[in-house]
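1. just to be clear, the model below is a prediction. Sequence and coordinates:
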Amino acid sequence: MFEFLFKYPRQAFAESEFVLASGWPLWLLVVGIVLCAGLVIATLLWKRQSLSVWRLATLGLFQIAMLALALFVLWQPALVEERLLKGDNAVAILLDSSASMALADDPAAGAPSRMAQARDLLSPDGLRELAESYQILPYTFAGRAESVPAFSAEAIPPPGSATVVGQSVLQALRQASTASLGAVIVVSDGADNGGSIAPAELSEIVGFGVPVHTVGMGRESIPEDLELESVQLPTKALAGTTLTARLNIRHDQGGSARIKVYDGDTFLTTREVQLDPAQKSTLTFIDIDVPEPGQLDLHFTLDPVNGERNLDNNSRAHVVDVPEGRYRILYVEGEPRWEYKFMQRALADDPGIQLTTLLKVTPNKYYRQGIDSPEQLEAGFPTERSELFGYDALIIGSMNVAEFSQEQQAMIRDFVSERGGSLMMIAGRNGLGLGGWGDSVVNEVLPSRLSPGDGGFVREQVPVVLTNAGRAAPMLKFSDDDAENTKSWSELPAVADYQNLGALRPAATTLLEVSVDGRNQPLLVTQPYGRGRSYLLATGGTWRWQMNLPLDDQRHETFWRQLARNLVANSPRPFELSATVENQNIRVRAALRDPQAEENQGLAITAVATSDNGELLNLELLPVAGESGLYEATFSPGSEGLYGIEAISRRGDELVSSVRTAARFEQGEEAFNIRQNRVLLERLSEATGGRYWTPAEWDDIADAISYSSAGITEQQINYLWDAPFFFLLLILLKTGEWLLRRHWQVI
């Protein structure tokens, strides 16, 4: 209807400049309209005795509008548009040839695959209108863009194992830069394995100045499909601890889903999850016990729902390293007290933790426990960086900062920020702000800005309150059931004392609180700092739990064991190895804890990767530029499966140390994100001046492309004076005036 009334489509008005093509000056048109208005007013004033003022004004408006419209048409309104010159420009068409395009949206109804639908659009008949005006540059893309002779079944490569939309468009733009490129058309479901287009890539695409039009293939909603969208787990765990897996389930309708967890072929646990019909994704958590050192080859599997056909996106794998050996914690205490005694007892039988304590008994004497040799800590707190960095976590109790030299204080800060260890400070008469730590460089590491004015060490029994963040923290769980865990915390005896912490830093997270005079204040607070974390425990009185609970109640021991394990769980080992799957490759990284140490100079690092089907690869890990102590190598796996990797550090022919890790390689990424990613496609087209299209709108693309200003263009004038709209408006104005005159009987 719009084109019938105005001669040209909306696109022409949006892309063109409006002009008056007669060449006559605009001021003359204005003068003409004013003169016509004056003549109409004079005529109507002559008849003012036969009609009321408002009737005369109404008739006058109709007559003036009709004369003004007639004069406007005489000035020849027109659209000046800039269009691509036919025959002199090219259009690049990119067809997504990844495996997700081979999916059929509704195979039960006999619907063709997305690729079959796309090939229909790009058939000779579908491309005829474009081919008559432009040179067609055909490309297919999955992991990268490749030029093809045509979009025939023979020319399209086999389904690719990855989709990288942004990089593929960039490659096509670069390859086609020698041609006069008027536009790019991307026919895809938008299922990018990276999830989105990187801002730097999008910026470079926009810089070419070529509009990118996207055609979305596939359904945006698939109610009969469940997808295990992501599984988030740490890559390393401590034997004897509990891991919490964070899982996202993608769904388009409500109901329930069951998740099963396996370690290799061994069944571990299962969970029933209720899916919120108002959401597209449901988050759930599953706790997994870590029994012993080695690797956990974890598999998470969703049971299929009725009618589900794509089962490849129901499973994900994740390998977790469980290193051998005990983690070392150094606990420095300034006075003998109950907290020191009961903490030692709680951690004494933990097979994964070696607690070394340094208790000050006189001004110049320390009592040492848990040491490996008589020389260890003989002079008190470490004075050498390498000695302190040999521990994985540091706990400082009721001890004044004056007991530590400036160099030792700087070492404590670096222990967290550079070494990646954990620091926990415990309240006491000489602890935290009362111990002067607010004036130390250590203060910048802590989650609270300590100050002596924050308040004293209060010996008053107060109950402990679990915060929302604390409920989600595995180290504070006495039970897997949230309600039962909350009840267990609420039933604990009050702690013996507390200390005010003052203002918390923006990154601080409060896990436990105490209720003081009806209001809650922080008790256990943590924050990340550099490579490590810091903690503040604003009490020295958890020992009351042990004293006031039955002998068989292990909650005090459980609290300290889980807290201690959490302190060391992410502490870097002296020589660490990790392996991640990225873009169909496995990247192996080795990291030295203290690359500046003398023993780490001049090392050469090699690795051997062995798959469970017998494949063997030798790797040389090279230093990563700009990252001291980091070595890296990448290899392409020959087959799916679990790859065990052992890295060896050597100095010349001398073996220094070795570490192991593992990674599972699976070629099923294209089975995920199978719904059309319209958001990505629209973002790409809008940023470049193009437009998103559905397959049903394919026939309109050729006309839209003609308005591109990227290639060789020509200007043309499209006259509007003979548009039916103006003549219909003239008739309506005259008919309206005639009907009013007849009604008022003044004809």
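-> Now that the structure is in, tell me what you want to look at. Quick caveat, the model's predicted, so the values are computed rather than measured. Numbering: from 1, shown residues only.
2. how close does Ser147 get to Pro158?
-> Distance of Ser147 to Pro158, given as C-beta to C-beta, to the nearest Å: 17 Å. Yep, even glycine has a C-beta here, placed from its N, CA and C like the rest.
3. those two - which one has more neighbours?
-> Neighbours per residue (other C-beta atoms under 10 Å) separate Ser147 from Pro158, with Ser147 holding more: 13 against 9.
4. enumerate every residue touching the more buried one.
-> Going by C-beta atoms under 8 Å, 6 or more residues apart in numbering, Ser147 touches 137-139, 175.
5. what do you get if the cut-off is 7 Å, keeping everything else the same?
-> 139, 175 (C-beta atoms under 7 Å, 6 or more residues apart in numbering).
6. give the bridge partners for it, please.
-> Ser147 has the following beta-bridge partners by DSSP bridges: Tyr139.
7. can you pull the pLDDT of it?
-> If you check Ser147, the pLDDT there is 89.
8. Glu460 too?
-> You'll see Glu460 listed with a pLDDT of 91.
9. one more: Val746?
-> The per-residue pLDDT reported for Val746 equals 68.
10. with Ile712 instead?
-> So, for Ile712, pLDDT stands at 69.
11. likewise for Leu388?
-> 92.
12. so what does Arg573 have for phi and psi?
-> phi -80, psi 170 (degrees, to the nearest 10).
13. ditto for Pro574
-> phi -60, psi -40.
14. wait, what's in contact with it?
-> The neighbourhood of Pro574, defined by C-beta under 7 Å, 6+ apart, consists of Arg593.
15. distance check, it against Glu17.
-> From Pro574 across to Glu17, the span is 70 Å (C-beta to C-beta).
16. ditto for Val465
-> According to C-beta to C-beta, Val465 stands 68 Å off from Glu17.
17. more crowded one of those two?
-> In this view Val465 and Glu17 are compared by other C-beta under 10 Å, and Val465 has more residues nearby, 17 against 10.
18. the closest residue to that one other than its chain neighbours is in what secondary structure piece?
-> Among residues not flanking Val465 along the chain, Glu513 sits closest, at 4.4 Å (C-beta to C-beta, 6 or more residues apart in numbering). Counting by DSSP states H and E, the element that carries Glu513 is strand 509-516.
19. show me where the stretch 601-747 of the chain has its strands.
-> 604-611, 616-623, 630-635, 641-651, 654-665, 692-693, 713-719 (DSSP state E, counting those that start in this stretch).
20. hmm, Lys7 is touching Ala723, no?
-> Yes: between Lys7 and Ala723 there is a contact at 4.7 Å, judged by C-beta atoms under 7 Å.
21. got the contact list for the residue lying closest to Ala579 once chain neighbours are set aside?
-> Nearest in space to Ala579, with sequence neighbours left out and distances taken as C-beta to C-beta, 6+ apart, is Ala663 at 3.7 Å. Contact analysis of Ala663 by C-beta under 7 Å, 6+ apart lists 319, 579-581, 586, 643, 645.
22. over to Ser479?
-> Neighbouring residues of Ser479 by C-beta under 7 Å, 6+ apart: 485, 488.
23. how close does Asp225 sit to Ile286?
-> 21 Å.
24. same question for Asp120.
-> From Asp120 to Ile286 the distance is 44 Å (C-beta to C-beta).
25. Ser161 too?
-> Applying C-beta to C-beta, the value for Ser161 to Ile286 is 29 Å.
26. equivalent analysis for Pro374, please.
-> According to C-beta to C-beta, Pro374 stands 47 Å off from Ile286.
27. the two: which is more packed in?
-> Taking other C-beta under 10 Å, Pro374 and Ile286 do not tie; Ile286 has more neighbours (22 against 8).
28. just grab the bridge partners of the more buried one for me.
-> Under the criterion used (DSSP bridges), Ile286 bridges to Ala245.
29. that one and Arg271 touch, don't they?
-> Yes: between Ile286 and Arg271 there is a contact under C-beta under 7 Å: 5.5 Å.
30. hey, what's in contact with both of the two?
-> Here Ile286 and Arg271 share the contacting residues Ile259, scored by C-beta under 7 Å, 6+ apart.
31. just the strands in the stretch 51-200 of the chain please.
-> For the stretch 51-200 of the chain, applying DSSP E, counting those that start in this stretch gives strands covering 77-84, 90-96, 135-141, 145-147, 181-188.
32. can you tell which of those is closest to Ala671?
-> Across the strands of the stretch 51-200 of the chain, Ala671 has its closest neighbour in strand 90-96 (15.3 Å, C-beta to C-beta).
33. neighbouring strands - and their directions - for that closest one?
-> Applying DSSP bridges to the sheet, strand 90-96 is found paired with strand 135-141 (parallel), strand 181-188 (parallel).
34. ranking the ones you listed by burial, who's on top?
-> strand 181-188 (a mean of 27; mean count of other C-beta atoms under 10 Å).
35. which ones are touching the residue nearest to Val465?
-> Residues near Glu513 by C-beta under 7 Å, 6+ apart: 465, 467, 520-523.
36. low-confidence ranges in the stretch 101-250 of the chain?
-> Within the stretch 101-250 of the chain, the segments meeting pLDDT under 70 span 106-110, 194-195.
37. which residues of the stretch 251-400 of the chain fall in helices?
-> Taking DSSP state H, counting those that start in this stretch, the helices of the stretch 251-400 of the chain run over residues 338-347, 385-388.
38. let me know which of the ones you listed is tucked in deepest.
-> Ranked by mean neighbour count, the helices of the stretch 251-400 of the chain are led by helix 338-347 with a mean of 20 (mean count of other C-beta under 10 Å).
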